[in-house]
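Student: show me how the following folds:
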Amino acid sequence: MRNWISIAMLAAAAVAVSACKPGADGGPVVARVGSKVVTAAEFEHEMERRSPGRPLYFKSVDNRRKLLEDLARHHMLVQEAHAAGIADDPEFGALVERMLIQRLRETRLAEKLDADSPDDDAVADYYRANVNDFTRPARRQVAMIRVDVPRRADDDERAGFMARATEAAEAAAALPADTLHFGAVAVEYSDDRSSRYQGGVVGWLVDAPERSYQWPDEVVEAAFELASPGDSTPVIETRDAFYLLRLAAVDEGRVQPLEQVADGIRHRLARTRAVELEGQLFADIEQRYPLEIDETVFESIEAPTVLSETAHPEHKPPALPVDPAD
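Tutor: Residues are numbered from 1 along each chain as shown. Okay, the predicted model is just below:
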């Protein structure tokens, strides 16, 4: 039932904010439904609105009749919504107000944005000033064999795990020269389940100040010290495991050319300008509508302490509007 009410509210809201639709008044009456009429001008306007993309569609009498029935049904639902008192529902009023505010934003800002769209020089200036945003740093693909060591392992047991890691290093050294990862050696020796069946490849690493990886620092540092694909580290000992690393591939950093990112920059600049213009719009409107607060009344109003019985805890209240000027 709630879904049907929502549909009726939306239909009524659409009429409330578009009452001045061209052709809604005057002209011969094509159909009547309750207290409302569909005029010839309204019918023709709706055919024109729906015709783009299918110019011959309304040559059919059946299609024209279907459109007329749709318009009549629209008026019928709006009347039923009014009869049900939905037009007086606070929720409906809030919906209409939000639609009005959105339309105000669109109509006031559209013309200014069209006249103030960023040109090629503005895009180029932004690109030069923010070139780091369009630079992809160098990265490297690393393969790893990890031999885990239990926390309670004694010295003899650790020595056994070290021997296993050393054996893995020897097996890796015997791989064909064109095998840049650990291949089957990782399957046999590595305890890292996520990479052992992928030649030990753990993905791409980027040497950036904010880098953060799941492996010990000494392991990560060793990975970045490898110079050429195919180079391997000696066995690296940590408290919990022995590691063997190999550099599988290197992808040099590069700067994306302006031509490739110009559209994205233009969109970013337009959005920034829209926020600025909207802030100016609200500032101008505020000058015409001064705010007066009765502090005595305001301070006498207490916050609710109990949720309404009809409230739904899973539904969050709508966010308050944000003044772009803040």
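Student: make it CA atoms for all contacts and neighbour counts henceforth
Tutor: OK.
Student: in the longest helix anywhere in the chain, what counts as buried?
Tutor: Of all segments of type helix in the chain, defined using DSSP state H, the longest is helix 258-288. For helix 258-288, burial by neighbour count (16 or more other CA atoms under 10 Å) applies to A262, I265, R266, L269, A270, R273, A274, L277, E278, G279, L281.
Student: could you pull out the strands in the stretch 101-250 of the chain for me?
Tutor: All strands of the stretch 101-250 of the chain, identified by DSSP state E, counting those that start in this stretch, fall at 135-136, 139-148, 201-206, 236-237, 241-251.
Student: low-scoring stretches of the stretch 51-200 of the chain, by residue?
Tutor: 111, 115 (pLDDT under 70).
Student: winner for burial among the strands of the stretch 101-250 of the chain?
Tutor: Of all these, strand 139-148 carries the top mean neighbour count, a mean of 24, counting by mean count of other CA atoms under 10 Å.
Student: turn the strands of the stretch 101-250 of the chain into TSV, including distance to W215.
Tutor: Formatted as TSV, the strands of the stretch 101-250 of the chain follow (distance: least, CA to CA, whole Å):
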stretch	distance to W215
strand 135-136	23
strand 139-148	10
strand 201-206	11
strand 236-237	12
strand 241-251	10
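Student: okay, how far is it across stretch 186-203, tip to tip?
Tutor: Criterion CA to CA, to the nearest Å; first-to-last residue distance in stretch 186-203 is 15 Å.
Student: pLDDT averaged over stretch 299-316 - what is it?
Tutor: The average of the pLDDT scores along stretch 299-316 is 64.
Student: do stretch 271-290 as well
Tutor: 81.
Student: now find how far off-centre it is within its chain.
Tutor: 26 Å (CA atoms, centre = their mean, to the nearest Å).
Student: just the CA atoms of that stretch, as PDB, please.
Tutor: Output of stretch 271-290 as PDB, limited to C-alpha atoms (Å, rounded to 0.1, in the frame of the first residue of the first chain):
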ATOM      1  CA  ARG A 271      32.000  21.200 -10.900                       C
ATOM      2  CA  THR A 272      34.200  23.500  -8.900                       C
ATOM      3  CA  ARG A 273      32.800  26.500 -10.600                       C
ATOM      4  CA  ALA A 274      29.200  25.200 -10.000                       C
ATOM      5  CA  VAL A 275      29.900  25.100  -6.300                       C
ATOM      6  CA  GLU A 276      31.200  28.700  -6.400                       C
ATOM      7  CA  LEU A 277      28.300  30.000  -8.400                       C
ATOM      8  CA  GLU A 278      25.800  28.100  -6.100                       C
ATOM      9  CA  GLY A 279      27.400  29.700  -3.100                       C
ATOM     10  CA  GLN A 280      27.000  33.200  -4.700                       C
ATOM     11  CA  LEU A 281      23.400  32.300  -5.500                       C
ATOM     12  CA  PHE A 282      22.500  31.500  -2.000                       C
ATOM     13  CA  ALA A 283      24.300  34.500  -0.700                       C
ATOM     14  CA  ASP A 284      22.300  36.800  -3.000                       C
ATOM     15  CA  ILE A 285      19.000  35.100  -2.000                       C
ATOM     16  CA  GLU A 286      19.800  35.400   1.800                       C
ATOM     17  CA  GLN A 287      20.100  39.100   1.300                       C
ATOM     18  CA  ARG A 288      16.400  39.200   0.200                       C
ATOM     19  CA  TYR A 289      15.200  37.000   3.000                       C
ATOM     20  CA  PRO A 290      16.500  38.100   6.300                       C
END
